[in-house]
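Engineer: Model the structure of this input:
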Amino acid sequence: MLYSSLLFIYIFLPVSILLYYVTPTKHREKTLLILSAVFCGMINLWFLGFMLVYIAVNYIAMRTIDKFSERKEIASIPFAAAVCFDLTAVLIFRTKYFVSFLSDIGVPNGFFPLGISFFTLSVIGTLIDVYTGKMKSDKNVLRFALYIIFFPRLIMGPVMRYGSFNKAVKERRDGLYEMGVGFTIFVKGLAKKIIAADNLYMLYTAVGRVDYNELSALTAWIGITAYILCLYFTLSGFSDMGVGISYCFGVRLPKSFSYPMSSNKIRYFAARWHTNVTHWFRRYVTRPLSRSIKNRYARQAVSIAVWGLFGFWYTFSMNGFIWGLLIGTAMTLESRLDKRRIMMISGVIYTFLIVAVCSVFLAEESFSGAFRYLLAMLGGNRIFADTISLYLLKSYIVILLIGLYISTSLFRNMLIRSGKNKLSKAFNIISPIAVTGMLIVCTVMISYSGSSGMILMKL
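Structural biologist: Next comes the predicted model:
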């Protein structure tokens with residue numbers, strides 16, 4: 001059960017909100033925990049069982065580390081054991097090499113703990129903070145369990161420190177206004193996924209059916225543009241849905257994307273793409289390594305390598321690792337070669353071109369496939385445009401242009417400026433109608449297809 005399913009939208013979410021608000025205030029955190037456990041169970045009972053084991057292992061490790069905080073040689077044992085357990089769980093489910101092992105122990109074929117990459121980063125960060133003495137462990141196992149399985153952030157994060165999450169829960173402001181704002185954010189995220197991402201996915205798969213040797217440059221650029229926008233709308237859509245759901249319960253979670261497609265430098269794109277994940281790698285990997293290195297070039301090499309690790313964590317493939325290395329290298333070269341401010345429009349175009357070239361490695365499953373696709377993009381097949389590219393443009397030009405526009409901050413800036421003039425009243429009237437219309441359109445599209453078209457990336 002995903003956020004974009006009709007079961008969730010029209011049954012689980014309304015019932016959850018109702019149960020939450022009829023519960024006395026002092027017991028509402030427990031209600032959120034029970035609802036989160038039910039959500040896990042509705043996805044899969046194996047998922048619920050896995051999460052219970054996962055919570056128990058990390059809670060015991062956290063408490064043990066804290067207990068022996070003054071004796072690092074002892075505290076390092078539960079710390080290393082828990083981190084190894086968490087990373088092993090990710091490797092088992094994120095790679096294809098343990099399929100036979102899972103079937104041998106009775107795990108159903110195709111079972112996957114959604115969001116494992118995100119809650120694993122959160123938990124490892126918490127273990128590091130406790131081990132290094134930056135925070136004390138929480139004796140309340142129920143609060144720790146809610147931190148891991150809180151269902152609005154389970155699928156797509158955000159990755160949060162334990163203290164930040166607890167503060168957001170304790171300082172929650174619930175009420176009709178929060179429900180209205182949360183529902184609006186949720187529907188916008190749903191529209192990103194169902195209306196934008198799923199249609200762009202159809203365009204991307206249409207390009208994918210063309211043989212590499214017959215791929216024109218224009219068709220290849222259309223395909224990779226569709227892929228980038230589809231990936232962005234899928235990830236940011238689910239992220240927005242989670243933030244919106246959380247807002248309905250008065251818990252304000254940070255957003256994960258800050259309009260990366262309108263960045264006029266690669267480093268701005270990197271900073272705005274899945275911000276809480278990039279911040280995690282910077283906080284727990286890049287900075288600790290850089291502190292022990294004095295040579296500037298060695299620090300730059302470490303930064304590039306960490307970006308490779310970030311890309312690998314995204315896909316658990318060598319292509320993802322190469323994507324990360326390319327983004328990290330582009331950032332390093334940019335900082336060394338460009339000391340001037342890039343103009344907004346030209347900078348956005350330059351950034352998009354670099355991101356498009358790098359993203360070929362995310363889109364393709366093999367290095368050879370990525371190389372052949374890049375060759376076609378650069379005109380290596382000596383076909384710059386053909387009937388296929390013209391047909392795809394004719395069929396999808398509207399969704400491409402709309403996707404490019406709403407993936408930037410232009411529309412948001414227009415709304416902000418409108419707040420200072422008479423247009424603000426018009427937007428206040430139109431907004432509820434637009435949100436309702438988007439929900440109806442999404443419902444029809446989900447009902448027609450039976451499910452959301454693009455399978456959620458297994459993160």
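Engineer: other SSEs contacting the helix or strand where residue 355 lies?
Structural biologist: Per DSSP states H and E, residue 355 falls inside helix 344-363. With contacts taken as 3 or more C-beta pairs under 8 Å, 6 or more residues apart in numbering; DSSP states H and E, helix 344-363 sits against helix 217-248, helix 266-272, helix 296-315, helix 318-337, helix 367-377. Quick note: C-beta positions are derived from backbone N, CA and C, even for glycine.
Engineer: quick one: the first one to helix 344-363, angle?
Structural biologist: In terms of direction (axes from the mean of the first three to the mean of the last three C-alpha atoms, to 10 degrees), helix 217-248 departs from helix 344-363 by 90 degrees.
Engineer: Let me see the mean pLDDT of helix 217-248.
Structural biologist: The average of the pLDDT scores along helix 217-248 is 94.
Engineer: again, but for the second one
Structural biologist: When the per-residue pLDDT values of helix 266-272 are averaged, the result is 90.
Engineer: just stretch 28-35 next, same as before
Structural biologist: On average, stretch 28-35 scores 95.
Engineer: cool, and stretch 431-441?
Structural biologist: On average, stretch 431-441 scores 88.
Engineer: Pull out the buried positions in it.
Structural biologist: 435, 438, 439 (16 or more other C-beta atoms under 10 Å).
Engineer: right, and out of these, which lies closest to residue 304?
Structural biologist: Distance to residue 304, by C-beta to C-beta, is smallest for residue 438 among the buried residues of stretch 431-441, at 40.6 Å.
Engineer: Return the residues in contact with that closest one.
Structural biologist: Going by C-beta atoms under 8 Å, 6 or more residues apart in numbering, residue 438 touches 187, 188, 190, 191, 195.
Engineer: For the third one, what is the enclosing helix or strand?
Structural biologist: Translated: residue 190. Judged by DSSP H and E, residue 190 forms part of helix 176-191.
Engineer: Tell me the buried residues in that helix?
Structural biologist: Buried positions in helix 176-191, judged by neighbour count with 16+ other C-beta under 10 Å: 178, 179, 182, 183, 184, 185, 186, 187, 188, 189, 190, 191.
Engineer: Same list (the residues you listed) but as a markdown table, adding pLDDT and distance to residue 49.
Structural biologist: Conversion of the buried residues of helix 176-191 to a markdown table gives the following (pLDDT from 0 to 100; distance: C-beta to C-beta, whole Å):
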| residue | pLDDT | distance to residue 49 |
| --- | --- | --- |
| 178 | 90 | 33 |
| 179 | 92 | 32 |
| 182 | 93 | 30 |
| 183 | 93 | 32 |
| 184 | 92 | 35 |
| 185 | 93 | 32 |
| 186 | 95 | 28 |
| 187 | 95 | 33 |
| 188 | 93 | 34 |
| 189 | 93 | 29 |
| 190 | 94 | 29 |
| 191 | 93 | 34 |
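Engineer: Just give the closest residue to residue 317, not the sequence neighbours.
Structural biologist: Of all residues not flanking residue 317 in the chain, residue 365 sits nearest, at 7.5 Å (C-beta to C-beta, 6 or more residues apart in numbering).
Engineer: before we move on, back to that, could you redo the buried residues of helix 176-191 as TSV and give each row distance to residue 334?
Structural biologist: As requested, these are exported to TSV (distance: C-beta to C-beta, whole Å):
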residue	distance to residue 334
178	41
179	43
182	38
183	40
184	37
185	33
186	36
187	37
188	32
189	31
190	35
191	33
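Engineer: what's the following helix or strand after the helix or strand of the chain with the lowest mean pLDDT?
Structural biologist: With mean pLDDT, DSSP states H and E as the measure, the helix or strand of the chain carrying the lowest mean pLDDT is helix 410-418 (a mean of 65). For helix 410-418, the following helix or strand on the C-terminal side (DSSP H and E) is helix 423-449.
Engineer: Next, the angle from that following helix to helix 176-191.
Structural biologist: 50 degrees.
Engineer: in the helix holding residue 355, what counts as buried?
Structural biologist: By 16+ other C-beta under 10 Å, the buried positions in helix 344-363 come out as 347-348, 350-352, 354-356, 358-363.
Engineer: Show me how far it is from its chain's centre.
Structural biologist: Here helix 344-363 shows a centroid-to-chain-centroid distance of 19 Å under the convention C-alpha atoms, centre = their mean, to the nearest Å.
Engineer: okay, stretch 99-111 in CSV with CA atoms only?
Structural biologist: Taking Å, rounded to 0.1, in the frame of the first residue of the first chain, the C-alpha atoms of stretch 99-111 are listed here in CSV:
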residue,chain,number,x,y,z
VAL,A,99,17.5,-13.8,-3.8
SER,A,100,18.1,-17.5,-3.3
PHE,A,101,19.0,-16.9,0.4
LEU,A,102,15.8,-15.1,1.1
SER,A,103,13.7,-17.8,-0.6
ASP,A,104,15.5,-20.4,1.4
ILE,A,105,14.5,-18.8,4.7
GLY,A,106,10.9,-18.5,3.5
VAL,A,107,10.7,-14.8,2.6
PRO,A,108,8.1,-14.3,-0.1
ASN,A,109,9.3,-13.6,-3.6
GLY,A,110,9.4,-9.9,-4.3
PHE,A,111,9.3,-8.8,-0.7
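Engineer: pLDDT on that stretch, on average?
Structural biologist: The average pLDDT within stretch 99-111 is 79.
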